[in-house]
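Peer 1: Just to be clear, the model below is a prediction. Sequence and coordinates:
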Amino acid sequence: MDHTESAANTPDSAEAGQTTPRRQVPKRIAGVIINSLKGGVVPRIGLPYITVGRRREIEAILHDVDIIEDGGAAFRFIEGRYGSGKSFLLQAVRTHVMDRGFVVVDADLSPERRLQGTKGQGLATYRELMRNMSTKTRPEGGALPLILDRWISQVQTQTAQALAESTGVMPSPDDPEYAVRVDQTISEVIASMQDMVHGFDFARLLTMYYHARRQGDDETAGRVLKWFRGEYATKTEARGELGVGVIIADDNWYDYLKLFAGFLVKAGYRGLIVMLDELVNIYKIPNAITRQNNYEKMLTMYNDTMQGKAHHIGIIMCGTPQCVEDRHRGIYSYEALRSRLADGRFSSEGTRDLLAPVIHLDPLGPEEMLVLAGKLADIHARLYGYEQTLNDDDLALFIRIEYQRVGADSHITPREVIRDFIELLDILYQHPGKKPADLLASDEFSYAQGDPSDGMNPQAGGQYAQFTI
């Protein structure tokens, strides 16, 4: 997938009101897409089939990815209302960067998972990130053993080829010289990491893992994986099982993410992308000191990436406008962050600076939702095995009615429109004699409600949106 594929088939490349040729979606992926969107969540696979708009936002983030691949680092906040497409954009970027050879770790913050905490909440976030470690060949997560084994196999292959070139004979796995040369190569790779914070311990565990795998000691290899995943509760436990007196904990987990980023590049990957969603859970922390400690940790991560102290790592965090801009409890309540992140004088809705640290997601327009509706109609028909009969006029009628709701111009979100449309498709499929126009005008069809936690009711306030096809 190239840089523009994610934004293909958008109104930028097709006239509004006209559908475009679409790729055939495998039924398994069609099921994931429809069921996820019906439940109000973003599917983790199949996004290229349904991505519309967001071309400029995706291109801005992919510019960061180029910098990360060249050895730099990046940090972005994505800000948008509930249902505006933050998580969707995250997943679209996730799919793209994995295709480019990056490793992705992602987690949703919660009351139990924060950046910092007194009861292991920071470590809980690290553990979730490790559990969700994904690559192109392991997109569902749990890729850490695969990555380590691939690294060992890669070193062994390169060493064998180097020996074959020098001797003219491919060495056998039992060749003593071959084993010595592999050890030397791994030592060279690991030695370059020992100057980093906690690098010596990280390198020591990597060496231990390699020797355990070479000797077929699955028990020790499993313990090393347990250590890398941050699952040792005490130093005493780690010392007893592995002979190391250090563990990954609340106060150092971010340092180990930076170590992983450096190691992944040596293992043949392009870098590490860290994605953290639901920043609102930091905003909701009742204790002001605890909240400020989390913002201080955020500032450390931001400064590391922006000042060149971190390499081959990108961090993306998502939250609502309130949890970012609120001066009393939000990120902007921490002055050191507010002064770095707040918009300048020239940025406004419609003329956003997408190269700034904070990307503000403006709502998708009705034309873009029209294109998406056409794609979903085709996918729904593919999933349930019927002939798709909705034409452009039917799709336009649905979008027009959605955007003529009271308050739709300022309150409606893609999530609400998508859930309404899938409900419409479900009813039409189960009642084939129904006409879309009659159903939309009847009492049998009810609109999805906005997220009450957003503080916005799409059924109240605002003006009628004007939309014509």
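Peer 2: Yes, it's here. Residues are numbered from 1 along each chain as shown.
Peer 1: Which pLDDT value goes with residue 93?
Peer 2: Residue 93 carries a pLDDT value of 91.
Peer 1: what about it, how many neighbours?
Peer 2: Number of residues near residue 93 (other Cβ atoms under 10 Å) recorded here: 27. Using the backbone N, CA and C atoms, a C-beta is placed for each residue, glycine as well.
Peer 1: What of residue 399?
Peer 2: Look at residue 399: counted by other Cβ under 10 Å, it has 26 neighbours.
Peer 1: sec struct for residue 376, please.
Peer 2: helix (DSSP: H, G, I helix; E, B strand; the rest coil).
Peer 1: got the contact list for the residue lying closest to it once chain neighbours are set aside?
Peer 2: Once flanking residues are discounted, residue 376 sits nearest to residue 421: 6.1 Å by Cβ to Cβ, 6 or more residues apart in numbering. For residue 421, the contact set (Cβ atoms under 8 Å, 6 or more residues apart in numbering) comprises 373, 376, 398.
Peer 1: how about 10 Å then?
Peer 2: Residues near residue 421 by Cβ atoms under 10 Å, 6 or more residues apart in numbering: 37-38, 369, 372-373, 376-377, 380, 390, 395, 398-399, 402, 448.
Peer 1: which one of the residues you listed sits closest to residue 137?
Peer 2: For residue 137, the nearest member of the contacts of residue 421 is residue 37. The distance, counting by Cβ to Cβ, is 25.9 Å.
Peer 1: Can you classify the residue lying closest to residue 306 once chain neighbours are set aside as helix, strand or coil?
Peer 2: Closest residue to residue 306 apart from its sequence neighbours, by Cβ to Cβ, 6+ apart: residue 75 at 6.1 Å. Under the three-state scheme (three-state DSSP), residue 75 adopts strand.
Peer 1: Isn't residue 75 up against residue 305?
Peer 2: Yes: between residue 75 and residue 305 there is a contact at 4.3 Å, judged by Cβ atoms under 10 Å.
Peer 1: Which residues are in contact with each of those two?
Peer 2: Common contacts of residue 75 and residue 305, defined by Cβ under 10 Å, 6+ apart, comprise 64, 274, 313-315, 357.
Peer 1: Restricted to helices, list those residues.
Peer 2: Mapping these onto helices (DSSP state H) picks out residue 64.
Peer 1: Looking at the shared contacts of residue 75 and residue 305, which are in strands?
Peer 2: Using DSSP state E, the members of those that fall in strands are 274, 313-315.
Peer 1: Which of the residues you listed has the largest number of neighbours?
Peer 2: residue 314 (27 neighbours).
Peer 1: list the contacts for that one?
Peer 2: Residue 314 makes contact with 61, 64-65, 67-69, 72-76, 93, 97, 102, 104, 261, 271-275, 305 under the criterion Cβ under 10 Å, 6+ apart.
Peer 1: And the residues you listed, which of them are buried?
Peer 2: Burial by neighbour count, 16 or more other Cβ atoms under 10 Å: within those this picks out 61, 64-65, 68-69, 72-76, 93, 97, 102, 104, 261, 271-275, 305.
Peer 1: Pick the one among the shared contacts of residue 75 and residue 305 closest to residue 384.
Peer 2: Relative to residue 384, the closest of the shared contacts of residue 75 and residue 305 is residue 274; by Cβ to Cβ it sits at 38.0 Å.
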